[in-house]
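*Asks:* Only the shape, not the letters, is given here:
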Ligand code: MN
């Protein structure tokens, strides 16, 4: 057996509400899954949602998310996050919910200035979306049956910025899982950020973020300089 040249990185673990840790395999994200947010980003109403990714080690589960370098416009995006306990390819929407372990509240932090520059040049979004500490996540709540349909909201320093309903998602949870499994083999440990509603906006160093999804839980952190 070949010897490891150095210690492998530690596993990325997400706390489960009520106890236990969920080992994270990878993070998929849905873009433009709410019509009102698609409009505020200048999108075309006929354009369907799409996927991008973040590295698993972008996850933040504590109260501090390191404020990123190289941006003058960090934006918050509150999102329902799906946590999978199993997967496969070609999953149908009818079978999709059987693969769900639970749900969490997460924030898709975005370097909006770098994203705008990338869009203008037709370049990839990795530096705008997949940077270090770009994925704060609250505890995962185990869940069976119909997905959450309640209120999704986010406040910054006590002021409400985003306040919408999960019922307004363009792709539902089963549709997201089915669409993703056309493009990737999904597996246990995968997280899927399902897109943000309208009201995204800037986050300054040290400001306190509280995101809340009805029936699911909270995500709370401050993005402070290292
Ligand atoms: Mn997003």
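*Replies:* Received, thanks. Just so you know, these numbers come straight off a predicted model, no measurement behind them.
*Asks:* By proximity to the ion, which residue of the protein wins?
*Replies:* residue 108 (3.5 Å; CB to the ion). Glycine gets a C-beta too; all of them are placed from N, C-alpha and C.
*Asks:* Run through the residues that contact the nearest residue to that residue once chain neighbours are set aside.
*Replies:* Closest residue in space to residue 108, ignoring its immediate chain neighbours: residue 77 at 4.1 Å, by CB to CB, 6 or more residues apart in numbering. The neighbours of residue 77, taking CB atoms under 8 Å, 6 or more residues apart in numbering as the test, are 107-110, 196, 200.
*Asks:* Which of those residues has the largest number of neighbours?
*Replies:* residue 196 (30 neighbours; other CB atoms under 10 Å).
*Asks:* Please report how far it lies from residue 81.
*Replies:* Counting by CB to CB, to the nearest Å, the gap from residue 196 to residue 81 is 11 Å.
*Asks:* ditto for residue 222
*Replies:* Relative to residue 81, residue 222 is positioned 20 Å away (CB to CB).
*Asks:* So which of the two has more stuff around it?
*Replies:* Applying other CB under 10 Å to residue 222 and residue 81 shows that residue 81 carries more neighbours, namely 25 against 17.
*Asks:* For the more buried one, give the beta-bridge partners.
*Replies:* The partner list for residue 81 in beta bridges (DSSP bridges) reads residue 104, residue 193.
*Asks:* Now do the contacts for it.
*Replies:* 103-106, 137, 140, 191-194.
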